[in-house]
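> I'd like to go over a predicted model; first the sequence, then the structure.
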Amino acid sequence: MNSVKIIIAGPRGRMGSEAVKMVTNTEHFELVAVVDHKHDGHMLSDIDGFHSIKNVPIYATIEKTLQSVECDVLIDLTTPEVGMHHARTALQYNVRPVVGTTGFTKADLEELDRICQEKKLGCIIAPNFALGAVLMMKFSQMAAKYFNDIEIIELHHDQKLDAPSGTAVKTAEMMAAVREFKEQGHPDEKETINGARGAEFNGMHIHSVRLPGLVAHQQVLFGSDGQTLSIRHDSYNRASFMSGVKIAVETVMKQDIFVYGLENILE
Ligand SMILES: NC(=O)C1=CN([C@@H]2O[C@H](COP(=O)(O)OP(=O)(O)OC[C@H]3O[C@@H](n4cnc5c(N)ncnc54)[C@H](OP(=O)(O)O)[C@@H]3O)[C@@H](O)[C@H]2O)C=CC1
Ligand SMILES: O=C(O)C1=N[C@H](C(=O)O)C[C@H](O)C1
């Protein structure tokens, strides 16, 4: 297999630094550059934590990176506005994006889908790369056919910028596709403190917990007459996401379509 030439945006981040490790430790992957708005012109080996990673240049912008190196795939782990710009630009340069960044709008996803169709290029956006989390979403979707009383509780570290999490939104979308619609809770319920019932999505409620010590966790609660069902997934570190990132990079090289969600590429 030819090696896949990869650029990573956000290499100093919690996820980006783990992705640098995964890519440089994978035989058929080659890290050819990174995008870091704060270290233009440096080498990755100049940065603490990356001293052993040689010959990887840093560019401040995606444009400069794509004009300077030849590459196949962009892995983006930044912020929603930056990630959207990176994905759109990568596709314009015929580079396939694998995006873990969350917080994209429906319009963002539709735009990327449109560009992929025009360019006949693959792009994978996955709100959660942990295989266990993908199963949690799929199991929740299965359960939502039979239990339409549902509450989602997602719990994350307190440095997270977006709420609800991308995973919670994706889970709610997957369940809404099969669930008989129901407005959750009592028809006359009133919040005495704003937000007490969480965010509302298609009649379901999503509760976002932020605490130091947590990494990424989600519980989907189903209720029915005399019974409840809880489906829970926990990520205790960022390495838990990397097998999914690796699969996404391998898959995006063989695809010429837009994919939203890792569940759509797993056997
Ligand atoms: N799909 C999945 O499985 C997962 C997705 N995520 C998502 O991934 C994203 C990143 O999460 P996390 O790693 O925890 O966040 P971090 O804040 O740790 O990392 C984001 C990084 O992006 C950098 N950055 C910001 N702007 C730019 C830019 N213009 N160019 C290059 N780098 C830039 C930041 O640098 P600086 O701080 O110096 O500005 C920072 O190092 C989030 O959206 C999160 O929700 C997280 C975990 C799993
Ligand atoms: O910011 C995080 O940490 C995570 N973000 C993703 C999300 O928003 O769902 C995936 C995972 O939950 C970790």
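Perfect, I can see it now. Numbers count the residues shown, from 1 in each chain. Ligands and ions are numbered 1, 2, ... in the order given.
> what mean pLDDT does stretch 127-145 have?
Averaging pLDDT along stretch 127-145 yields 98.
> could you measure from the residue of the stretch 151-267 of the chain found nearest ligand 1 over to residue 78?
Nearest to ligand 1 in the stretch 151-267 of the chain, going by C-beta to the nearest ligand atom, is residue 241, at a distance of 4.2 Å. Where C-beta positions appear, they are placed from N, C-alpha and C, glycine not excepted. Per C-beta to C-beta, to the nearest Å, residue 241 is found 15 Å from residue 78.
> what's the answer for residue 128, then?
Separation of residue 128 from residue 78 (C-beta to C-beta): 17 Å.
> so for those two, which sits in the more crowded spot?
Counted by other C-beta atoms under 10 Å, residue 128 and residue 78 do not tie: residue 128 has more neighbours, with 28 against 24.
> give the contact list for the closest residue to that one other than its chain neighbours.
Excluding its sequence neighbours, the residue lying closest to residue 128 (C-beta to C-beta, 6 or more residues apart in numbering) is residue 167, at 4.3 Å. The contact partners of residue 167, by C-beta atoms under 8 Å, 6 or more residues apart in numbering, come to 102, 127, 128, 133, 137, 154, 216, 218.
> can we see that at 6 Å?
127, 128, 133, 218 (C-beta atoms under 6 Å, 6 or more residues apart in numbering).
> and if you look at residue 6?
Contacts of residue 6 (C-beta under 6 Å, 6+ apart): 23, 29, 31, 73.
> any idea of the pLDDT on residue 267?
At residue 267, pLDDT is 79.
> reformat the contacts of residue 167 as TSV; add distance to residue 245.
Shown next, in TSV, are these (distance: C-beta to C-beta, whole Å):
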residue	distance to residue 245
127	13
128	11
133	13
218	19
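> looking at these, which are in strands?
residue 218 (DSSP state E).
> how many neighbours does residue 213 have?
6.
> distance check, residue 146 against residue 180.
From residue 146 to residue 180 the distance is 10 Å (C-beta to C-beta).
> ugh, wrong one, residue 196
Relative to residue 180, and taking C-beta to C-beta, residue 196 is found at 25 Å.
> equivalent analysis for residue 87, please.
35 Å.
> out of the two, which sits in the busier spot?
Neighbours per residue, other C-beta under 10 Å: of residue 87 and residue 180, the larger number sits with residue 87, 28 against 10.
> residue contacts, that one?
Contacts of residue 87 (C-beta under 6 Å, 6+ apart): 97, 99, 112.
> go on, residue 181?
residue 203.
> kindly recompute the last result at 7 Å.
Taking C-beta atoms under 7 Å, 6 or more residues apart in numbering, we find residue 181 in contact with 202, 203.
> all strands for the stretch 151-267 of the chain, in order.
Per DSSP state E, counting those that start in this stretch, the stretch 151-267 of the chain carries strands over the ranges 199-201, 204-210, 216-224, 227-235, 258-260.
> the second one pairs with which strands, parallel or anti?
With DSSP bridges as the test, strand 204-210 is paired with strand 149-156 (parallel), strand 199-201 (antiparallel).
> now do the buried residues in the shortest one.
Spelled out, that is strand 199-201. 199, 201 (16 or more other C-beta atoms under 10 Å).
> Three-state assignment for residue 88, please.
At residue 88 the chain is in helix, as set by DSSP: H, G, I helix; E, B strand; the rest coil.
> residue 81: neighbour count?
Per other C-beta under 10 Å, the neighbour tally for residue 81 reads 12.
> and it, that's in a helix?
Yes: according to three-state DSSP, residue 81 belongs to a helix.
> what about the residue in the chain that ligand 1 sits nearest to, neighbour count?
For the chain and ligand 1, the shortest gap (C-beta to the nearest ligand atom) falls at residue 13, measuring 2.2 Å. Residue 13: 19 surrounding residues under other C-beta under 10 Å.
> now swap in residue 48 and tell me
By other C-beta under 10 Å, neighbour count at residue 48 equals 6.
> how close does it sit to residue 21?
In terms of C-beta to C-beta, residue 48 sits 14 Å off from residue 21.
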